[in-house]
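**Student:** Any chance you can model this:
(chains A and B)
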Amino acid sequence: MTVRHGATDGAVVRAVLAGDVERYAELVGRYRDRYARYAARMLGSVDAAEDAVQDAFVRAYDRLAECRDPDKFVGWFFLILRNRCFAERRKSRTSVPLEAAGAVAAADRPDGAVETAERRQALQRALLELTPEQREVFVLKHVEGLSYDEIATRVGTTVPSLKMRMHRAYDRLREQLKDRA
Amino acid sequence: MTDFHPLVKQLLDGEVTLAQLPPELRAEGEEALRLLEAVNRDPVALTAAVEARVMGAVRRRAAAPSLWRRLTEPRELHLRWRPWTLAPALAAAAALVLLFGRPGSAPTALAPSPATATVRFVLFAPQAQQVALAGTFNQWDAAATPLVPSGTPGVWTATLTLPAGQHQYAFVVDGARWVPDPAAPTVDDGFGRRNSVLTL
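**Tutor:** Model (predicted):
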């Protein structure tokens, strides 16, 4: 297999569409972990995130010919993963995986930082109580570090709409965390 | 009442600092910042098995494409008017201008200058919803040069005036499928695909 360092997403997508399917691995390797954190925080579990990312890549391959701008593959892929995460959360809305929330916190916990881990776990549990739309804007802004403008571009909405979701999320998180205090 | 004060929400959004809050909101602001301190920003790494499973599924799909995909696979037939076929007519027009043209009269708008040539691209793609031409002459912008449906069903055309020299190009069908011209010579584009070459 020929490794082509630095090939653009668009060049790789076009190569895959032309029949060189092995080059799809370049896109998987490039973005596999980049959105794993987003999926894990959205779904409350690294295992669920792994399933979602894997499924999103296969769906993206199936629909690759619909990617109108191959140079913007990553934005298009994100929307597929986002839909997958939203669908998964709606499906399991009635049973919030509290143990899974703990698993995320425990897996990422620095040694000795018990209090930090507990606060992280409490926040992650509270995040899972939000609507997927509220949780997403919180994750993209405060976990992924995106600005409102960047989030608006990525998810196709307006900044005022995002702020409204976020501000409701702040209030609900405060309420959730007070109840657990 | 559990709602954060609007100014505290601005603090959480990073639009104001704790010091900018009025003294009566400082405690609420500190509580809000503690909430953000609990955000887990540690990276999450998935197992290598993800890539293996994805590529396994991709290979299975590539090896056995669905019947629907095979039936709907677009097949393009490309016809192109080669500029040199217009050479006799252009030579005759140039001779007429030289013989009968008045001094100072502008050249006719339709006559290309010696440094350009008019080329009509024709693509037969009956299942396409849109077709465009991307190449070195439009910075490979797949949206810059759309072909338009001609009077014949399934036939798309575009007429361009291009400068003399060598141009590389490809058709873009439905915004995603890049199709080289089977009737023209091609070169490797450096990424494993072929670009058509037009020399004027």
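**Student:** From B:T199, how far out is the residue nearest the centre of chain B?
**Tutor:** Nearest to the mean C-alpha position of chain B, by C-alpha atoms, centre = their mean, lies B:A142 at 2.7 Å. Distance of B:A142 to B:T199, given as C-beta to C-beta, to the nearest Å: 23 Å. (Each C-beta comes from the backbone N, C-alpha and C, glycine too.)
**Student:** in chain B, which ranges drop under the pLDDT threshold?
**Tutor:** With pLDDT under 70 as the threshold, chain B has low-confidence stretches at B:1, B:65-114, B:188-193.
**Student:** contacting residues around A:L177?
**Tutor:** A:L177 makes contacts with A:A122, A:L123, A:A126, B:L35, as judged by C-beta atoms under 8 Å, 6 or more residues apart in numbering or on different chains.
**Student:** Sorry, wrong one. I was asking about B:L11.
**Tutor:** Counted by C-beta under 8 Å, 6+ apart, B:L11 has contacts B:T17, B:L18, B:L21, B:G29, B:A32, B:L33.
**Student:** how many neighbours does the last one have?
**Tutor:** Looking back up the chat, that one is B:L33. Counted with other C-beta atoms under 10 Å in any protein chain shown, the neighbours of B:L33 add up to 13.
**Student:** what about A:A11, how many residues close to it?
**Tutor:** The burial count for A:A11: 20, using other C-beta under 10 Å.
**Student:** That one belongs to a helix?
**Tutor:** Yes - looking at A:A11 with DSSP: H, G, I helix; E, B strand; the rest coil, it is inside a helix.
**Student:** Can you mark which positions in the longest helix seen in chain A are buried?
**Tutor:** Ranked by residue count under DSSP state H, the longest helix found in chain A is helix A:159-180. By neighbour count on 16 or more other C-beta atoms under 10 Å in any protein chain shown, the buried set for helix A:159-180 is A:162-163, A:165-174, A:176-177.
**Student:** Can you tell me which of the residues you listed is nearest B:T159?
**Tutor:** A:L162 (45.1 Å; C-beta to C-beta).
**Student:** what sits against the spatially most central residue of chain A?
**Tutor:** In chain A, the residue lying closest to the centroid (C-alpha atoms, centre = their mean) is A:Y38, at 2.8 Å. The contact partners of A:Y38, taken as C-beta under 8 Å, 6+ apart, are A:L81, A:C85, A:V139, A:L140, A:V143, A:E144.
**Student:** Run a quick neighbour tally on B:R26.
**Tutor:** Neighbours around B:R26, by other C-beta under 10 Å: 14.
**Student:** Looks like it contacts B:L18 (just checking).
**Tutor:** Yes - counting by C-beta atoms under 8 Å, B:L18 is a contact partner of B:R26 at 6.6 Å.
**Student:** State the distance from the closest residue to A:R59 other than its chain neighbours to B:D42.
**Tutor:** Spatial nearest neighbour of A:R59, chain neighbours left out: A:I80 (5.4 Å); criterion: C-beta to C-beta, 6 or more residues apart in numbering or on different chains. In this view, A:I80 and B:D42 are 25 Å apart by C-beta to C-beta.
**Student:** In terms of neighbours, single out the busier of these two.
**Tutor:** More crowded of A:I80 and B:D42, by other C-beta under 10 Å: A:I80, with 19 against 15.
**Student:** what's the pLDDT at the more buried one?
**Tutor:** With respect to pLDDT, A:I80 scores 93.
**Student:** What helix or strand is it located in?
**Tutor:** Using DSSP states H and E, A:I80 sits within helix A:73-91.
**Student:** Please name every helix or strand in contact with that helix.
**Tutor:** helix A:9-17, helix A:24-31, helix A:36-43, helix A:46-62, helix A:132-138, helix A:148-155 (3 or more C-beta pairs under 8 Å, 6 or more residues apart in numbering or on different chains; DSSP states H and E).
**Student:** Now tell me what touches that helix from outside.
**Tutor:** Under C-beta under 8 Å, 6+ apart, the answer for helix A:73-91 is A:9-10, A:12-13, A:27, A:31, A:34-35, A:38-39, A:42-43, A:48, A:52-53, A:55-57, A:59-60, A:63, A:67-69, A:132, A:135-136, A:154-156.
**Student:** per-residue confidence for A:L43?
**Tutor:** Looking at A:L43, its pLDDT reads 92.
**Student:** all strands in chain B, in order from the N-terminus.
**Tutor:** B:77-80, B:116-124, B:131-135, B:148-149, B:155-163, B:166-173, B:177-179, B:186-188, B:194-199 (DSSP state E).
**Student:** would you turn those strands into TSV with mean neighbour count and distance to B:M55?
**Tutor:** Putting those into TSV (neighbours: other C-beta atoms under 10 Å in any protein chain shown; distance: least, C-beta to C-beta, whole Å) gives the following:
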stretch	mean neighbour count	distance to B:M55
strand B:77-80	15	33
strand B:116-124	18	33
strand B:131-135	22	29
strand B:148-149	12	39
strand B:155-163	16	35
strand B:166-173	21	26
strand B:177-179	21	22
strand B:186-188	12	24
strand B:194-199	19	25
